[in-house]
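J.: Have a look; sequence and predicted model below, questions after that.
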Amino acid sequence: MGRQILSMGGDTFQFFTRNPRGSKAKAIDVEDAKALMSLMEENRFAKILAHAPYTLNPASADPKVREFAELTILDDLERMEYTPGQMYNFHPGSHVGQGTEEGIRLISDLLNRVMKPEQTTTVLLETMAGKGSEVGGRFEELAEIIKRVELTEKIGVCLDTCHVHDGGYDIVNNLDGVLEKFDRVVGLDRLKAIHINDSKNPLASRKDRHEVIGGGHIGLEAFTRIINHPALRDLPFFLETPNEIPGYTAEIALLSGLYQK
Ligand code: FE
Ligand code: FE
Ligand code: ZN
């Protein structure tokens, strides 16, 4: 994986911890994990980002669904320790009817059970588009979860540009305003990673359909401001655009060309 990223011009990557639909994970190859860590060190990689299966729902009203989310996240966090010091991102979930407040309580309680003082992984809540009963579509909701997490130095946020845009935060015309708001509500020190995706839909559509960079409603000019913004430019950026390897390679080159050295 590390070598392929290097050949694509990248210096970090995101991966699913298991099938994104949530099946059993492969056994960890300890030697493989060590080789990756030294390759990352030699090539000065930024922290890498693991993504939990997106079908998990830690905010579900159904205790069975919550238990499955908990066991999966617990297992993922144990496995993450084979590559110490990296990041783990998950979707806070959907409350499916019992209310945002209850969803927030369930999510933070779950985190307080699975996070361990000895873990070296930083857990990230992803900003969501707010479709359906999704929790995490508003910065206030993420702030409320974070406030309740006991191991406060191990929790942060991953901002998805498509999601916040679809959720109604105008990063195209008012990037400074959105980041000021994020800082006021959550704190920019909590922001650890960016999912960089264009959007197939207009501002506040609450849709969450990713588009290739420059091909959607966010557009290349806005992305140029985003990747160079003083509050964002040193963070790791992860593409989740609808692409295969050549498309990602081209997007990495495009964005690198727009990045002010
Ligand atoms: Fe995600
Ligand atoms: Fe994302
Ligand atoms: Zn998305």
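T.: Structure's in. What do you need? Numbering: from 1, shown residues only. Ligands and ions are numbered 1, 2, ... in the order given.

J.: What is the neighbour count of A25?
T.: 15 (other Cβ atoms under 10 Å). (C-beta placed from N, C-alpha, C; glycine too.)

J.: check contacts around the spatially closest residue to it that is not a sequence neighbour.
T.: On the basis of Cβ to Cβ, 6 or more residues apart in numbering, the spatially nearest residue to A25 that is not a chain neighbour turns out to be R18, at 3.9 Å. Under the criterion of Cβ atoms under 8 Å, 6 or more residues apart in numbering, the contact partners of R18 comprise K24, A25, K26, P53, T72, D76.

J.: so the last one touches Q86, yeah?
T.: Going back to what we said before, that points to D76. No - the pair D76 and Q86 does not pass the contact test of Cβ atoms under 8 Å, sitting 11.4 Å apart.

J.: Is the residue nearest to A25 in a helix, a strand, or coil?
T.: Secondary structure for R18, judged by DSSP: H, G, I helix; E, B strand; the rest coil, is coil.

J.: Now the common contact residues for D76 and Q86.
T.: Counting by Cβ under 8 Å, 6+ apart, the shared contacts of D76 and Q86 are A50.

J.: okay, those two: which has more neighbours?
T.: D76 (23 against 20).

J.: And the more buried one, how close does it get to S108?
T.: 18 Å (Cβ to Cβ, to the nearest Å).

J.: Kindly report the same for H229.
T.: When Cβ to Cβ is the yardstick, H229 and S108 sit 29 Å from each other.

J.: Neighbour count for the two, which is higher?
T.: Relative neighbour count places S108 above the other of H229 and S108, with 21 against 14, counting by other Cβ under 10 Å.

J.: give me the element that one is part of.
T.: Using DSSP states H and E, S108 sits in helix 100-114.

J.: for that helix, what is the average pLDDT?
T.: For helix 100-114, the mean per-residue pLDDT is 98.

J.: Helix or strand next in line after that helix, which one?
T.: Next in line after helix 100-114, if elements are assigned by DSSP H and E, sits strand 122-126.

J.: what angle do that following strand and helix 100-114 make?
T.: Compare the direction of strand 122-126 with that of helix 100-114 by axes from the mean of the first three to the mean of the last three Cα atoms, to 10 degrees and you get 160 degrees.

J.: Strand 122-126: how far from the chain's middle?
T.: Taking Cα atoms, centre = their mean, to the nearest Å, the mean C-alpha location of strand 122-126 is offset from the chain mean by 7 Å.

J.: just the helices in the stretch 151-261 of the chain please.
T.: Assigned by DSSP state H, counting those that start in this stretch, the stretch 151-261 of the chain shows helices spanning 161-166, 175-185, 219-228, 245-258.
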